[in-house]
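**Student:** 3D model of this:
(one chain, ligands or ions: 2)
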Amino acid sequence: MRMKTFKAATSTAAFAKVKAELGEEAVILSNKTISDNGSKCCEIVAAVENSPIRPATTRDAVVDDALGDAVGWQREWSQIKGHIMALMKPQMDPRHLSPKQKIAMDYLEREDVDETVLARVYCGLRENGNDSIMKVLDPMLKAAPFKPANWSNTFHAFAGPGGAGKTSSLVRLALKIKKENPKTRICLATADGGRGKGRLVLKHYAELSGLAFREIITRDDLSLLREEEKNFDMVLIDLPGLPAKTSLEEWLTLYGMRAMDDLSIHLVLNPYYSTAQFNRFVEKYKSEQLASVIWTKLDEACTFGSVLNMAFASGLPVSALSYGTGLKNSIIEASEEMVWRLLFKRTLPNGEIQP
Ligand SMILES: Nc1nc2c(ncn2[C@@H]2O[C@H](COP(=O)(O)OP(=O)(O)OP(=O)(O)O)[C@@H](O)[C@H]2O)c(=O)[nH]1
Ligand SMILES: [Mg+2]
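**Tutor:** Ligands and ions are numbered 1, 2, ... in the order given. Below is the predicted model:
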């Protein structure tokens, strides 16, 4: 067994070092916050049975590896989906739809609503005779406005791809809630210390607005924060963009958050990622603790079909919509009507119409 100690500014960074050096099989023996030259950092002791055997780096080996990987379940599933769609498509005869329904279907297609969702809508319309398309769409997308009254739990973490707008949405929602109800006891917590910028933004606005601020470097800090739970109505936790090989569930386990049943995770996404990226994110960020999706950078998007695609694929409600870079009037708690206006009229929550 090979054992090694890794130190870094956060558990995320130390864990990335463990994986890079000891590989995926490494076992974490301890993970704690320590003091290094006066500043807090994370120390992980990890072990691996044997040194990972690196595959031969010949061109043939690389190609074989790649082809081997490609026959994973993800590929099989996308093939199955392809076959289902190939069978479905000839049956999706637009002549069976009323002119109004057909216009609505064409519209959704132009908005990049994906084939699986279109097939579901088509089946719904056929089952219901001449019903309005909204009757079929309504059950497919729900809103859960981001307000303390809507969540009975205290802890809320903002997760999502790097640069998606996690820190911005967290800060803006916190300030909005505080403004609407100054008595709300909010704590801003950062688990993104290593990158510096997000941590400073959070600290700055917490100080400016009289909100509590806490730093989570390891699971020890999270335990301390949990002991303070009764002092807060809401604890909003800013997560880092995860390293390429780390899934959300792995990351939550590392920080002791996976066992928290009073933690809701809100997935922050932009509507203009590619289908391949969305598929990847669904896999990378899957977690039973996921509670909603926050859509950001709506002002930079050309189509909004992905909002419906994601709702259908994940079953998650939309909790907030962000549509600008400014601190004020740039994020709002989502309602279903807002999302439908976005999708069918390209109207942002502030009334502006996207070209
Ligand atoms: N146009 C536009 N820009 C936004 C919106 N939300 C955030 N941004 C910008 O997107 C950039 C990244 O935002 P952050 O909040 O730092 O994103 P993040 O997900 O925390 O990024 P990392 O922590 O680095 O992974 C910043 O320049 C924000 O001003 C939005 O709704 N519209
Ligand atoms: Mg951030």
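**Student:** strands along the stretch 101-250 of the chain, start to end?
**Tutor:** 155-159, 186-190, 212-215, 234-238 (DSSP state E, counting those that start in this stretch).
**Student:** quick check: Lys203 touching Ala212?
**Tutor:** No - using C-beta atoms under 8 Å, Lys203 makes no contact with Ala212, being 10.9 Å away. C-beta coordinates here come from the backbone N, C-alpha and C atoms, glycine included.
**Student:** nearest to Asn128, out of the strands of the stretch 101-250 of the chain?
**Tutor:** Of all the strands of the stretch 101-250 of the chain, strand 155-159 sits nearest to Asn128, with 36.8 Å by C-beta to C-beta.
**Student:** touching that closest one from outside, list them.
**Tutor:** Identification of contacts with strand 155-159 by C-beta atoms under 8 Å, 6 or more residues apart in numbering yields 166-167, 169-170, 191, 229, 234-239, 242, 248, 257, 260, 262-268, 285, 291, 294.
**Student:** out of those, which touch ligand 2?
**Tutor:** The subset of these lying close to ligand 2, counting by C-beta under 5 Å from the ion, consists of Lys166, Thr167.
**Student:** now that we have the contacts of strand 155-159, which of them are buried?
**Tutor:** By neighbour count, with 16 or more other C-beta atoms under 10 Å, the contacts of strand 155-159 hold 166-167, 169-170, 191, 234-239, 242, 248, 257, 260, 263-268, 285, 291, 294 as buried.
**Student:** can you list the residues of the protein near ligand 2?
**Tutor:** Counting by C-beta under 5 Å from the ion, the residues of the chain near ligand 2 are Lys166, Thr167, Gly198.
**Student:** could you check how many residues crowd around the last one?
**Tutor:** For Gly198, the number of neighbouring residues by other C-beta atoms under 10 Å comes to 22.
**Student:** that one against Ala191, yeah?
**Tutor:** No - assessed by C-beta under 8 Å, Gly198 is found out of contact with Ala191, at 9.4 Å.
**Student:** what touches both of these two?
**Tutor:** Common contact partners of Gly198 and Ala191 (C-beta under 8 Å, 6+ apart): Asp238, Pro240.
**Student:** where in the stretch 101-250 of the chain is pLDDT low?
**Tutor:** Applying pLDDT under 70 to the stretch 101-250 of the chain flags residues 129-130, 194-196.
**Student:** SS state for the residue of the stretch 251-355 of the chain found nearest ligand 2?
**Tutor:** Residue nearest to ligand 2 within the stretch 251-355 of the chain: Val268 (9.2 Å; C-beta to the ion). Going by DSSP: H, G, I helix; E, B strand; the rest coil, the secondary structure assigned to Val268 is strand.
**Student:** residue nearest the centroid of this protein?
**Tutor:** Leu267 (2.5 Å; C-alpha atoms, centre = their mean).
**Student:** buried set for stretch 348-355?
**Tutor:** Burial within stretch 348-355, assessed by neighbour count using 16+ other C-beta under 10 Å, is assigned to Leu348, Pro349, Gln354.
**Student:** so who does Lys142 touch?
**Tutor:** Neighbours of Lys142 in contact, by C-beta under 8 Å, 6+ apart: Ala311, Pro317, Val318, Glu336.
**Student:** ok, so of the residues you listed, who is nearest ligand 1?
**Tutor:** Taking C-beta to the nearest ligand atom as the measure, ligand 1 lies nearest Val318 of the contacts of Lys142, at 13.9 Å.
**Student:** the helices in the protein, which residues?
**Tutor:** For the chain, the helices defined by DSSP state H cover 11-22, 59-70, 73-88, 99-110, 115-127, 133-137, 166-180, 197-209, 219-227, 248-254, 275-284, 305-314, 336-345.
**Student:** right, and those - which one's nearest ligand 1?
**Tutor:** helix 166-180 (3.3 Å).
**Student:** which elements pack onto the closest one?
**Tutor:** Applying 3 or more C-beta pairs under 8 Å, 6 or more residues apart in numbering; DSSP states H and E, we find helix 166-180 packed against strand 155-159, strand 186-190, helix 197-209, strand 234-238, strand 318-322, strand 331-333.
**Student:** list the buried residues for that helix?
**Tutor:** Neighbour counts over helix 166-180 (16+ other C-beta under 10 Å) mark 166-178 as buried.
**Student:** just how off-centre is that helix within its chain?
**Tutor:** 17 Å (C-alpha atoms, centre = their mean, to the nearest Å).
**Student:** okay, now the domains of this protein?
**Tutor:** Under automatic domain parsing, the residue ranges defining each domain of the chain are 2-48, 93-140, 148-345.
**Student:** need those domains in JSON lines with distance to ligand 1, can you?
**Tutor:** Below are the domains of the chain laid out as JSON lines (distance: least, C-beta to the nearest ligand atom, whole Å):
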{"stretch": "domain 2-48", "distance to ligand 1": "11"}
{"stretch": "domain 93-140", "distance to ligand 1": "19"}
{"stretch": "domain 148-345", "distance to ligand 1": "3"}
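**Student:** which stretch among these is buried most, on average?
**Tutor:** Highest mean neighbour count among the domains of the chain (mean count of other C-beta atoms under 10 Å): domain 148-345, with a mean of 19.
**Student:** gap between that one and the chain center?
**Tutor:** On the basis of C-alpha atoms, centre = their mean, domain 148-345 sits 7 Å off its chain's mean C-alpha point.
**Student:** for the buried residues of helix 166-180, which one is nearest Leu141?
**Tutor:** The nearest member of those to Leu141, counting by C-beta to C-beta, is Ser169 at 19.4 Å.
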